[in-house]
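A.B. asks: need the 3D shape of this:
(4 chains)
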There are 2 protein chains.
Amino acid sequence: MAPQSGGSLRPPATLATVARRAGVHVSTVSRALSPDETVRRGVSAATAAHIQAIADELGYQPNPAGAALRTGRSQMLGVLVPRLTDIVLATIYEGIDAAASAAGYHTVVANTGDDLDLQHTRADALLARRVDGLILGDARTDSTLAADLARRGIPLVLVSRRLPRRVSVTTDDLLGGRLAGEHLVGIGHRRVGVVAGERYASTGLERTAGFLAAYEEAGLVVPDRYAVTSRFDVAGGRAAAEQLLGLRPRPTAIFAVNDFAAIGVMGAVRDAGLRVGEDVAVVGYNDVPLAAELPVALTSVHAPMFDMGREAAATLLGILDGRPGRSRRLPPTLAVRASTVPGTQDRSTA
Amino acid sequence: MAPQSGGSLRPPATLATVARRAGVHVSTVSRALSPDETVRRGVSAATAAHIQAIADELGYQPNPAGAALRTGRSQMLGVLVPRLTDIVLATIYEGIDAAASAAGYHTVVANTGDDLDLQHTRADALLARRVDGLILGDARTDSTLAADLARRGIPLVLVSRRLPRRVSVTTDDLLGGRLAGEHLVGIGHRRVGVVAGERYASTGLERTAGFLAAYEEAGLVVPDRYAVTSRFDVAGGRAAAEQLLGLRPRPTAIFAVNDFAAIGVMGAVRDAGLRVGEDVAVVGYNDVPLAAELPVALTSVHAPMFDMGREAAATLLGILDGRPGRSRRLPPTLAVRASTVPGTQDRSTA
DNA sequence: TCCGTCACCGCAATCGTTTGCGGCGGCAGC
DNA sequence: GCTGCCGCCGCAAACGATTGCGGTGACGGA
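C.D. replies: Residues are numbered from 1 along each chain as shown, chains lettered A, B, ... in the order given. Modelled structure (predicted):
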């Protein structure tokens, strides 16, 4: 292990070092320095202060290996994501890490690329590291991973995507899809297409369902072939949009369940010689920072990604403390921009 | 600690468990299961196989806390980045993690937001976790952090940004800037502007220097006021570009040391009623995936971000093994697109 | 037959922390 | 003055893995 802050190049201070200097037993030092207040009460205020001073002077930092060995808890959380280069997951992860480190936990993250085998492999690697719990950002409806982990008693919280009987923190994707649908209905689009994302992700499924529900309630039905699955990236959105734009009658608006897919849609619209916002309206989902910066600013369902991460971590920490975990669906809002209402600068329903 | 893979809900198997079942001493099990081949040779092939079989059957996973306590090494690397939501750093981090996990190491990452205090705080938190070494993705020329860590003997590698006397893995930013400059010179731009990034980052400084050198060698001098500092994000690029476009004579091309700044530049160009690529050429740096997908595809200096991360991790692992660390500058290439040569689909010098 | 060599394995200490238990005072109550 | 209580602290046993050292047995050579 690397030399620590205690001094230039000597071995880091331990409880024993502090104890010797303070003229007390290591157990007393351990108690005096405990974060747990009830434990700290086991030592008098005077000696506690004395020990604290010496610990500071020596730059004492508890060795997590020793603590983990004794307590059986590593103070680390594992996080699985499809990929960290996706800004949505990266933002969620930042929220997770913020909440975790505020509680004295560290997080270890791993990419799975939405690959079924890799999910298991990476989860096992994290568990081999003895993480205290897991946050899954890549739950798939066609995977047994979450169920397996739950059966093994691993403290577990899903984020971003949901699964039937598991604790999860997501946006209210049904509502988000509905917001998008109501918006397009409201501005007069009667023939619309949906870029629905991967069929194994609850996000795409529910956003699509909410969107279609809004249309149904308006008495408009969206034929099946106007809703196509897709990858979540730019290329996926582009391919799906090309398919939709080939339909007759051509849709006058397209809802993509993900901003990057929406960017792909915009590209396909341009390539077809049509104008985004004028000829074809486009709505995305998540409202990533880039959405407002595009040449034609993208109307998007705003999702509180950072908050989702924070809540997910808080929920998992609660479970580790023995409190029951409850699923939450954070409310999305709609940010209307030029891709559906040309001339709009930026306004947001909130 | 969470129940492990060994069984449904019983405590995870330990060396002792395996030893008892195998009828040997724990030390023999430890040796038989060691990743180090020379250690493994201390036990006969027969017993090793027997032990291995039982370990597999029991799903034995070594407890890292025990190993870390004894060996003094945690098999964890700490990584500091400005922010993980920056796809450049996220990609570099993926490279780091790929190399680290292939070598049996885990990585712990922390955001510093390029904040001087936070850099120290987060580094200390990582060291308190007893990481075996540190990779700094947020080195600043005006910070003493790297020097402090080096003085304390912490194994250290910089990535993305350089610092004079430290081991680093970066792209050859001087060359990258030069490629951008030579390209613009070559297509006839004589009056150019530079969005130079933050003055504390070697990336912006060297990319700018390389760019200016290319112009000097062409006998063209870029006046000081045509090179402005900026933040690295879209808004920063936009603000800087507004300033540049206000100059007379107006530059006919702008080089931004970062793709997101370049996107901001493109926005400012449009807002000024000019056409990107036609009236004002724009060049970015890094060649993030989005660059090729923009409505006007962005010419950009391609940087091997994933490889940088992988090399940085490999270098740090080498240092941990006692090998001397050597700095590397990976060669960038230029991807020419429509933002400088209208009509270009996509071609890349490689 | 005896000794030396070597391969294989066990012994036990050690890393640093936490925590149940017990001891030792001092103080109050009777 | 004795007993009981309680606040404060020390003792020692864990937790799980690694490793220097020494022991045991087999085997070969003389």
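
A.B. asks: from here on, contacts and neighbour counts on C-alpha atoms
C.D. replies: Will do.

A.B. asks: which residue lies nearest the spatial centre of chain A?
C.D. replies: When Cα atoms, centre = their mean is applied to chain A, the residue found nearest the centroid is A:Ile92 (3.3 Å).

A.B. asks: helices or strands up against the strand or helix carrying it?
C.D. replies: A:Ile92 is located in helix A:87-102, with elements delineated by DSSP states H and E. Under the contact definition 3 or more Cα pairs under 8 Å, 6 or more residues apart in numbering or on different chains; DSSP states H and E, helix A:87-102 sits against strand A:76-81, strand A:106-111, helix A:305-320.

A.B. asks: most tightly packed of those?
C.D. replies: Neighbour counts (mean count of other Cα atoms under 10 Å in any protein chain shown) averaged over each of these peak at strand A:76-81, with a mean of 25.

A.B. asks: send me it as CSV with only the CA atoms.
C.D. replies: Output in CSV follows, covering the C-alpha atoms of strand A:76-81 (Å, rounded to 0.1, in the frame of the first residue of the first chain):
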residue,chain,number,x,y,z
MET,A,76,-18.2,0.0,-0.9
LEU,A,77,-21.1,-0.1,-3.3
GLY,A,78,-21.0,-1.7,-6.7
VAL,A,79,-22.6,-0.1,-9.7
LEU,A,80,-23.3,-1.8,-12.9
VAL,A,81,-24.1,0.4,-16.0
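
A.B. asks: separation between the residue of the stretch 201-350 of chain A found nearest DNA strand C and DNA strand D?
C.D. replies: The nearest approach of the stretch 201-350 of chain A to DNA strand C comes at A:Asp321, 13.3 Å away (Cα to the nearest atom of the strand). Separation of A:Asp321 from DNA strand D (Cα to the nearest atom of the strand, to the nearest Å): 20 Å.

A.B. asks: what sits against A:Ala128?
C.D. replies: For A:Ala128, the contacting residues are B:Gln4, B:Gln61, B:Pro62, B:Asn63, B:Pro64, by Cα atoms under 8 Å, 6 or more residues apart in numbering or on different chains.

A.B. asks: how about a cut-off of 6 Å?
C.D. replies: Applying Cα atoms under 6 Å, 6 or more residues apart in numbering or on different chains, we find A:Ala128 in contact with B:Gln61.

A.B. asks: which pLDDT does the model give A:Gly42?
C.D. replies: Per-residue pLDDT puts A:Gly42 at 85.

A.B. asks: find the helix or strand that it is a member of.
C.D. replies: Judged by DSSP H and E, A:Gly42 forms part of no helix or strand.

A.B. asks: grab the nearest non-local neighbour of it.
C.D. replies: Excluding the flanking residues, the one nearest A:Gly42 by Cα to Cα, 6 or more residues apart in numbering or on different chains is A:Arg31, at 6.8 Å.

A.B. asks: and the one you found, that one's in a helix?
C.D. replies: Yes. Counting by DSSP: H, G, I helix; E, B strand; the rest coil, A:Arg31 is part of a helix.

A.B. asks: tell me where chain A has strands.
C.D. replies: Along chain A, counting by DSSP state E, strands occupy A:76-81, A:106-111, A:133-136, A:156-159, A:168-171, A:192-195, A:227-228, A:253-256, A:281-286, A:299-302, A:328-330, A:333-336, A:347-348.

A.B. asks: up against DNA strand D, what does chain A have?
C.D. replies: Residues of chain A found near DNA strand D (Cα under 7 Å from any atom of the strand) are A:23-28, A:41-48, A:66, A:69-70, A:72.

A.B. asks: so which of those residues are also by DNA strand C?
C.D. replies: With Cα under 7 Å from any atom of the strand as the criterion, the residues of chain A next to DNA strand D include A:Val26, A:Ser27, A:Thr28, A:Gly66, A:Leu69, A:Arg70 near DNA strand C.

A.B. asks: output those residues in CSV, with pLDDT and neighbour count appended to each entry.
C.D. replies: Shown next, in CSV, are these (pLDDT from 0 to 100; neighbours: other Cα atoms under 10 Å in any protein chain shown):
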residue, pLDDT, neighbour count
A:Val26, 93, 17
A:Ser27, 92, 12
A:Thr28, 93, 20
A:Gly66, 95, 16
A:Leu69, 95, 18
A:Arg70, 95, 12
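
A.B. asks: from those, pick the one nearest DNA strand D.
C.D. replies: The nearest member of these to DNA strand D, counting by Cα to the nearest atom of the strand, is A:Arg70 at 3.3 Å.

A.B. asks: if I look at the closest one, how far off is B:Asn63?
C.D. replies: Per Cα to Cα, to the nearest Å, A:Arg70 is found 12 Å from B:Asn63.

A.B. asks: between the two, which contacts overlap?
C.D. replies: When Cα under 6 Å, 6+ apart defines a contact, no residue borders A:Arg70 and B:Asn63 alike.

A.B. asks: what sits against the residue of the stretch 201-350 of chain A closest to DNA strand C?
C.D. replies: Shown in contact with A:Asp321 (Cα under 6 Å, 6+ apart): no residues.
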